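[1] I would like to see how this sequence folds:
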Amino acid sequence: VAEALLKGGAVRLKVTVGSTEAEVNGRPVTLASPPLVIEGVTYLPLRFVAEASGYQVDWDRDAGAVLARGGKRIVLPVDGKTVVIPDKHNPVALIALPAIRDLGLGIRVHGVDIELDGNVGNSMDYLEAAG
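    This next block holds a predicted model:
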């Protein structure tokens, strides 16, 4: 079981690797694809994380990228090594490439803090993981 805080602690996610059952602020939800561990790195479905943070997620076929729209428009190319965020002079480098499994896009959450409002910081803190 793993827990993560989003938006400065306003949103609490609880997931189990390999399971589509999850919780957002204590409310049960069903994921389209389960969290995975790939080469020791935990990935959560991007849509789940973004939508729990109040973002709308779309696929831009022409750009070959996932778009997350909320306070800012974030572009995550599925084959790239960076995230494009408006108001930044340079794209933000990814520590781990996005992972695609079962038609879902995952983002790395263990060992990196991710904030979907366009800043890399403490909005997603990986809190706990147990076998």
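[2] quick check: residue 45 touching residue 32?
    Yes. Counting by Cβ atoms under 8 Å, residue 45 touches residue 32, with 6.4 Å between them. In this view, the C-beta of every residue, glycine as well, is placed from N, C-alpha and C.
[3] the two: which has the busier surroundings?
    residue 45 (24 against 11; other Cβ atoms under 10 Å).
[4] give me the beta-bridge partners of the more buried one?
    Applying DSSP bridges to residue 45 gives these bridge partners: residue 106.
[5] now do it against residue 56, distance only.
    Separation of residue 45 from residue 56 (Cβ to Cβ, to the nearest Å): 15 Å.
[6] now residue 11
    Going from residue 11 to residue 56 by Cβ to Cβ gives 16 Å.
[7] and the two? which has more neighbours close in?
    More crowded of residue 11 and residue 56, by other Cβ under 10 Å: residue 11, with 17 against 12.
[8] who's in contact with the more buried one?
    Applying Cβ atoms under 8 Å, 6 or more residues apart in numbering, we find residue 11 in contact with 5, 24, 25, 52, 53.
[9] show me what it is bridged to.
    Here residue 11, judged by DSSP bridges, has bridge partners residue 6.
[10] which of the helices or strands spans residue 51?
    Per DSSP states H and E, residue 51 falls inside helix 46-52.
[11] immediately after that helix, which helix or strand?
    Per DSSP H and E, the helix or strand that comes after helix 46-52 is strand 56-60.
[12] so after that next one, what's the next helix or strand?
    Criterion used, DSSP H and E; the element after strand 56-60 is strand 65-69.
[13] neighbouring strands for that following strand, and are they parallel or not?
    Neighbouring strands of strand 65-69 in its sheet, by DSSP bridges, are strand 56-60 (antiparallel), strand 73-77 (antiparallel).
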